[in-house]
Every structure is written in structure tokens, then in C-alpha cells.
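Student: Can you look at this prediction? I've put the sequence above it.
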Amino acid sequence: MATFTARMAPLLVLGLALCLSGTWAVDKGNFKTCEQSAFCKRQRALKPGESPYRALLETMELTNTRLTLQLINDNNKVRLLLELYRLQGNITRVKINELKPLKPRYEVPDVLIREPTTEPLSVLSQDENGVVLSLGVESQRVIISARPFRLDIMEGSDVLMSLNSRGLLAFEHLRMRKDTFSYKVTSTVASVWDNIKRVFSSQADPEAEKKEEADPANQAETTKEEEEKVEDGMWEETFKSHTDSKPNGPSAVSLDFSLPGVEHVYGIPEHADTLRLKTTDNGDPYRLYNLDVFQYELYNPMALYGSVPVMVAHSAQRTTGIFWLNAAETWVDISSNTAGKTVFGKMLDYVQGSSETPQTDVRWISESGIIDIFIMLGPTPKDVFSQYASLTGTQSFPPLASLGYHQCRWNYNDQEDVKSVDAGFDEHDIPYDFIWLDIEHTDGKRYFTWDPHKFATPKEMLQGLMDKKRKMVAIVDPHIKVDGNYKIHNEIRSRGFYVKNKDGGDYEGWCWPGSASYPDFTRADMRAWWASMFAYDQYEGTMENLYTWNDMNEPSVFNGPEVTMHKDATHGAWEHRDIHNLYGLYVQMATAEGLIQRSGGVERPFVLTRAFFAGSQRLGAVWTGDNAAEWGHLKISIPMCLSMGLVGISFCGADIGGFFKSPSTELLVRWYQAGAYQPFYRAHAHVDTPRREPWLFGPENTALIREAVRQRYTLLPYWYQLFYRAHVTGEPVMRPLWVEYPQDLATFALEDEYLIGRDLLVHPVVEEGARGVTAYLPGKDEVWFDVHTFQKHNGAQNLYIPVTMSSIPVFQRGGSIIPRKLRVRRSSTCMEHDPYTLYVALNLQRTADGELYIDDGHTFNYEKKEFIYRKLTFANKVLSSVNLAPDAKFTTDSWIERIIVLGASKPSKVTLKTADGQEKQLEFDFDASMSVLTVRKPGMNAGADWTMTFQ
């Protein structure tokens, strides 16, 4: 029977997985709505109005680093402690917790990169109604109103943001369950003790008993305690066949924010929805709860694989951000006083002199933990990116090769299959850097192992790839097969490192291996042990060109509630409900650390994760999960990745061609073209789909895909320097147009085009049978150049662009210099010493600037100043290269082989002057019809100082 069960387990798991996926469409019945989530339903039932919370100003204490103040709920007399901090960089932090909780409430660790630096607060004025504090920045101040409690942040006479202005602050205090034995004992003892105290105090002071009975506060507390009714789902909740025991009872927290002057809010990924967040008045709130959702539905606020509780608000006047630091299940409601108004309606308001200021109201609701919010006050988009990066860190600086093309499917069958696919790229002259192995490469879904028959000599396979300067990624998921003969399982169990169930045993659920347990990655010692398993002598068969993919790390539990872990499972002192959205971050953290450690701290890791949280940007790449081969999924990949970039995660992409189903050749080609201009570029497909390597769709389509992939590779120098800037500044690599054109209202809701850095505008073709697209080119005094034809177009216009199957509409901004490498190689590593071509696009002032960043492409040596970082400038008919990092040391064999100037006039001569004073005249061609000047083989080293004069 054991043998039969072991043989059948994978089939049962696959059957369960197929049941979950149905006909390859999400079964929304597997996932809760707000109405089915007891705490969300309870909190959403509270309507805006007078808040029961009052600030007790007499409790205010102000030190050099913070202000503290007690709040009281006049309905139940429970007191809260408010802490207010002014942080360096124009950030305000507000924390609210119970003053005296029954037990500690969870506060999220390991997300902030350090304890934020505080700056002094000072009281400007105070009376019985409130207190006014200076934030130190110009005329910024915080006003705390006492009755009801409300907090306003102002600049001059403008309210930037208000907290609890709609009275929706709610804090469910921890309490003992009244129908339990321990509660009855405790309340009996307390009652006896109260009677004893009353007897003695009344003997000492006969009036005391009368006074105590007359105290309205005591009456209110007693009355309210009796009145607090137990609602369904407060102490136990059932969804489908799963019961959540809720041993701590109700513990939800909620707070509302009002944003005057704001009509556009963004962020809070991950959702398959528009870039600009919609109002939720007539439907569910946006949900943040990491879940394994098969072929998700588009334009829906339901939760997906990752959660970043950061919202960015933008208007023509200002950009601000809200970071709600809570890792429990969270819902976000959005309402607006302009929602549903047409453009005509808004114009009518204007004509009629309507004085209603646009306003967006946001309400955050979390199941447990505390309220801990960071208000980022901008004022510019890039200030908000910098402020958020100062809290949670910047995008990790990826190895250059990981910005190339990745070939993946579930699954390449064996070593011969890998070798054949690798050879296919060479045969069809398509570059690639990584080939991927999914779960079938393991020995029976035991991670850190290889199938002994299909992948018998993994080092031989890896060496074959290394000889071609290519790499591999293998999957390592966090569910561990329960098997007494599996070393990894035995080690984790013997060390007590598994997550526990509510009864204290090792938590078990079903996933790909069958019965599986889940390591408790919230433990630092567990993460350290996991990291050690990536050492070359532990993870047998691995080499330095093998990297890692963490999938299913929401965590996915096929037979769990909502396909995830039970909330009453435990991580030491904490329930899973408290830490759920952190789990995936911790898995990626431990894995990335393992890849760093195996190289002695020298090599940068590459780790792809499906689940993520605030701070995941520090650890690697994410992708948009199990999408489908449908045009809508191609289209939605743009706002999904733009949303992630706005909250710090730049290294984002979608499965090229769609994971589920089979794409038409047109869809596949269009997806390769769009993906070539998104940060993470990987094709992936489900095990049940036909093979779809790029050469399987006829010579014509192979050529189109080849051209798209080659375009990606020519731009790798630009992608790489943008990731360096993202690593240093926190700016997104792929960004909405409004980030660079913050006052241009026409850009605020655009999501079918975007910028790469500030200098490339991309409008992928995402409609079936398209004959043309209309791209908005921003900037009243700007010009844009078609990167394929060099045709010049004025900014501030909607440009219709006829397209064929070979078209990828991309424009370079006038005023920019972009480096490319034009020689075709089999991988990015083969391009290391290749020469550069500089594309100089002149603006109307006939100037341009750009940067060139070079390092070894794979180690942390850039942290030791081993890199080249140069400023490229064209002004007054002189093109120059100047060192931006004089203290940095690095040499390169690459040289400048060509300079192409767009929007140029014909010079009589071109002269190069190098750092040693040598001068020489250079050959050039000039195309008068397109105003394009090409200077060939100037020959200077890419790391040298030089000037080029156009006379």
C-alpha cells in the first residue's frame, strides 16, 4: 500500500492542482471576498462619521526624537498609544498600538533597512482643542485635533493629508474570550478582588463607594463591556471546509486617509488591474494577501502573489506616498469625490464655478498587528522614490547577464533536451543567457536534488553551458517533501525549523511533492541553515553558473484555505496571520544569501521570486505569475510592472507568450517584442502546452523574434546603467510618463506606453490585428526620434504610427545620449569587450547628455569603487566624455566604434581630442534627408576622457 500511495501521490497532487485551475481559469470561489472575510466585513460596516477616539492632550510627551500621546475610545474606554516621528528626508511616521495590550502585538521586522533617523519636532502652539507641531520643512506642520482625534499635515494653508478625518480609525483590542474557563476564573478573581478593595476603601472612606459608583467613566466601561457583542467570525471563522480557530480573537486595525487635491493614486501591487487605482465604492476593496492564483482574472482587485502596502498619490502640484507597514491580510478601500464624472461633467463644474476640490479618500484595514505608517511628503515623484528607498532599500544590482533573455518551460525533459534547446539558439542565431529547469528536474520534487536518470550528470550539463558563456536557473521551492529518506526534510525536522500547526506539531499540507512541510523562514537560524544548503558541497551537482528560482512561496498549500497556509499555524510566538505577506520575502532573502555565501561574498546573486513584500526589491527579480496566452494578459503586463516599479521593485516581467494555453503566432511575436522592452525578459510555458521555442513557428516568425531579442541585447548597456541608477537612487527603471512629466495631465492615466529611464519611450503593440497605434509623445518643447527610422517628431502630441508585424514603436528623447552594443553574440558575457555605439539625439537647444556605466558585470566589486562611470555631454557643437567617479578604478577593453547624431547639421570637419592632447580628424557620413550624422571608428577607449568637436 505504501508503494501504491507513494506512486499515486504525484497524481493526486496534479489532480488537486488541476481542480484548482479548473479549465485554466481562476475559480474565484476559492478566494474570499470582503464579505466572506470576517474582519473586513466588520470594519467595512463602520461608516464615516464622528470618531469615538479622543486625544488625551494631558498625556502628551515630547522628546528630541518623538511625540507620544494617548488616545481613548470613548465607547469602550480602551486606550491607545500614538507615537509621532519626524524622519530625515521629509517623512512622517505615525504608530498606534494598544497602551496596555493583553499580549504583545506583531510589529513587522526585517523590512526597514535600518531604524530611520529622526529629526526634532517642536510645538508651535497648544490649547485644549489640539496641538500644532513644526515638521521643520518650510511651512510644514502637523495639527493634532483632540475631540475627535484627527491628524492633519499641512504646508502653508494647504492640507496635504488628513488621518481619521472620516472617523474610521478602528483598533480591535486584544481581549479574553468570555465563554472560556480561563476568562471565568480571571473575571471571578477580579470581581472578588474588587469587592475586597471596595469593602476596605469604604471602611476607610464611607463616601468612596458612592463616588466610585457615581463615576460616569466606570459606568460607561461596565456598560460597554457588557454591550460588546460577539459577532460571527470574531473568535472562529469558517471558509469552505476550513476553520480558523482565532485563539486571540478580533485584532483588526483600520485607518482612513484623505488626500485633498488628488484624483490619481497608484501602487499597492500586486493586482491585474489598471495603473491608476480605481474607486472601490461599488465593489470589493483592493486586497493584499499573497495567494497562488491560477490564471488570474483581469481588471479585478482580488489578491495575487505579492503585496506591497505602498500607495503613491500624484497631482500636478505634488506627489506623496503612504507606506502601511503591516504584513497581515489587508484590504484597501478607495473613494473619490470626482469618481464617475466625465470630462464634460468636470468642465461643467469649472464653468459653473463649482468650488469642490478633488479629493481621494483611502482606507486601510488589516487583520492584526499595529498601525505603523510612513507618510512620504515628496514633493516630487523622485523625492517619494528616494524617501521609500531610504526606508526599505533600493533594487538589488543584478548581474548583467540576468538582463538578457531567459528560456524556460515546465519542463525541459532531461540533459539531452537542454543541450538540444541550447544548440537551437546557436543554429537560429538568437542570443540568450539563461535556460531554466522547473520542478521535474528534481528527484521526486525533492529540492536541492537532481533526477538520477534524466539529470544524472548536472555538472557536465552546466559545464557545457559555461563553455558557451551561458547560465542556468533551477527551481527551489519552500515546501519540503515529508520523507524520512530525504536529507533536507530530516535536517529541518530534527532542528525544529518547520512552521507548527495550532496544536504544536509540524504543519503539513499538500503541494507538488505530495505531503509537505514548510520551513519557518521567519527564524534567522532557519534562514542561515537554508543559505548554507546552497554551498557547492551541500547542493551537489551545482556550479557558479547555476542560479535559483523561488516559486510557490506565498506559501502555496493546495489543500489549505484559499490555497495557502492556515492562519492559526504558528511561527514561534506569532500566528501565521501576523506574518503571512512576509513569508515569500524571507524565502528569497535566505536563498539570495545562500548564493552570495557560496561564492565567499564575491558574486551577485540572481533569485526570481513569485511572492513578495515591501523590501523584496533588495533581493532580486519578480514576475507576474501564472498568466495566460491571451491578448489581455499581454496588455495587463504593462500596468502590473509599472505599479511594481512605483513601489521600488524594478526587476519585473511577465511570462512571454503566457504560461497557460497556447498563443497564436501573432500574439507570441508581439509578446517577444513587448518583453524585449520590459526589465525581466523570460519566456515560460505550462507543462501541458505545446513546445514553443522561438524557431518552431516558421522562418518568418523566427526572424521577427530574433530581431526583437537582438534589440534587447543591443540596449543592454542602457538597461545595465539604469539598474545601477535604480540601485543607487531607488528610481524605477520602467516608469509611467507622469514620473518625468509630473504636470502633464495627459500622462496621468496612460498605461499602454511607458518610459525606460527618462530617455526611451515604448508603445508596444498589444492588440490583435493592429494596423497602427497612437502614442502620446510628451513635452511641449521636446522632440522625439523613432529609434528605427530616426524620424523626428514634436512632443505634446498624439502620434498615429502605422505598424506591421516587425514594428516595435520606440522613441528616443531629444536631449539624450544612449550607449548600445551592436555586434551580435550568443550571450551577454560574449559581448563584454565589444565596442559601443553612442546614439546622440539632439533637442531643440541642440544639446544632449547621457551616462555610460561599466563594471565586471557580476561581482560586488563595484562596492569597492571598481567601475567606470562617465558623463556624456553634447553642447556648443562639442561631444565630451567626463569621469563622474574620479575615485573609482576600473579598466575596459571596450572602445567607441561609432557615434550617431540625430537631428544634426552637416559639419565641415569632426575633430577628436584625447586626454593626452592628441588630435585627429575623423571620417563621417551625413544623411541630409534625415539630418543624421554618423562618425565611424573614432577609436577612443570607453573609459577615457575625450572631446569631439563638430565644426
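Tutor: Sure thing, it's come through.

Student: residue ranges for the helices of the stretch 601-750 of the chain, please.
Tutor: Secondary structure of the stretch 601-750 of the chain (DSSP state H, counting those that start in this stretch): helices at 631-646, 665-675, 699-714, 716-729, 737-740.

Student: got those as TSV, with mean pLDDT columns?
Tutor: Output for the helices of the stretch 601-750 of the chain, formatted as TSV (pLDDT from 0 to 100):
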stretch	mean pLDDT
helix 631-646	98
helix 665-675	98
helix 699-714	98
helix 716-729	98
helix 737-740	98
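
Student: between these, which gets nearest to Asp945?
Tutor: helix 716-729 (18.4 Å; C-beta to C-beta). Just so you know, the C-beta spots here come from the backbone N, C-alpha and C atoms, and that holds for glycine as well.

Student: from the middle of its chain, how far away would that closest one be?
Tutor: 17 Å (C-alpha atoms, centre = their mean, to the nearest Å).

Student: which parts of it are buried?
Tutor: 716-727 (16 or more other C-beta atoms under 10 Å).

Student: same thing with stretch 36-46?
Tutor: Buried residues in stretch 36-46, counting neighbours by 16+ other C-beta under 10 Å, are found at 36-44, 46.

Student: Let me know the secondary structure of the nearest residue to Asp273 once chain neighbours are set aside.
Tutor: Using C-beta to C-beta, 6 or more residues apart in numbering and skipping the chain neighbours, the partner closest in space to Asp273 is Tyr299 (5.6 Å). Put simply, Tyr299 is coil when judged by DSSP: H, G, I helix; E, B strand; the rest coil.

Student: how many other residues sit next to Tyr299?
Tutor: Under the neighbour criterion other C-beta atoms under 10 Å, Tyr299 is assigned a count of 12.

Student: next one: Ala746
Tutor: Ala746 has 13 nearby residues by other C-beta under 10 Å.

Student: Let me know the distance separating the nearest residue to it once chain neighbours are set aside from Pro809.
Tutor: The shortest distance from Ala746 to any residue other than its chain neighbours is 6.0 Å, reached at Tyr776 (C-beta to C-beta, 6+ apart). Separation of Tyr776 from Pro809 (C-beta to C-beta, to the nearest Å): 12 Å.

Student: Low-confidence ranges, the stretch 751-900 of the chain, go.
Tutor: For the stretch 751-900 of the chain, no stretch has pLDDT under 70.

Student: Sketch out the strands for it, chain order is fine.
Tutor: In the stretch 751-900 of the chain, the segments counted as strands under DSSP state E, counting those that start in this stretch are 754-756, 760-762, 772-777, 783-786, 792-794, 797-802, 810-813, 816-820, 836-841, 848-854, 868-875, 878-883, 896-902.

Student: buried stuff in the host helix or strand of Met161?
Tutor: In the assignment (DSSP states H and E), Met161 maps to strand 158-163. Within strand 158-163, the residues that count as buried by 16+ other C-beta under 10 Å are 159-163.

Student: residues touching Ser386, list them.
Tutor: 89, 729-730 (C-beta atoms under 8 Å, 6 or more residues apart in numbering).

Student: brain fart, Lys906
Tutor: Contacts of Lys906 by C-beta under 8 Å, 6+ apart are 926, 928, 933.

Student: The first one touches Val932, doesn't it?
Tutor: Spelled out, it's Phe926. Yes: counting by C-beta atoms under 8 Å, Phe926 does reach Val932; the two are 7.3 Å apart.

Student: returning to what we had before: who's the residue nearest to Ala746 bridged to?
Tutor: Asn798 (DSSP bridges).

Student: Tell me how far Ile96 lies from Leu777.
Tutor: In this view, Ile96 and Leu777 are 46 Å apart by C-beta to C-beta.

Student: go on, Lys468?
Tutor: Applying C-beta to C-beta, the value for Lys468 to Leu777 is 41 Å.

Student: who has more neighbours, the two?
Tutor: Leu777 (20 against 16).

Student: from what I can see the more buried one touches Lys792, true?
Tutor: No: when contacts are counted by C-beta under 8 Å, Leu777 is not listed as touching Lys792 (10.7 Å).

Student: wait, what's in contact with the residue lying closest to Asp426 once chain neighbours are set aside?
Tutor: Using C-beta to C-beta, 6+ apart and skipping residues adjacent in sequence, the residue nearest Asp426 is Arg826, 6.2 Å away. With contacts defined as C-beta under 8 Å, 6+ apart, the neighbours of Arg826 are 425-426, 431-432, 468-470.

Student: Now the phi/psi pair for Thr238, please.
Tutor: Dihedral pair for Thr238: phi -120, psi 130, per degrees, to the nearest 10.

Student: quick one: low-confidence ranges for the stretch 101-250 of the chain?
Tutor: 180-228.

Student: got the residue ranges for the helices in it?
Tutor: Ranges of helices within the stretch 101-250 of the chain are 181-204, 206-214, 216-227, based on DSSP H, counting those that start in this stretch.

Student: what sits up against stretch 701-715?
Tutor: 404-405, 428-432, 665, 668-669, 672-673, 675-677, 681, 694-695, 697, 760, 805-806, 808, 818, 820-822, 824-825, 828, 831.
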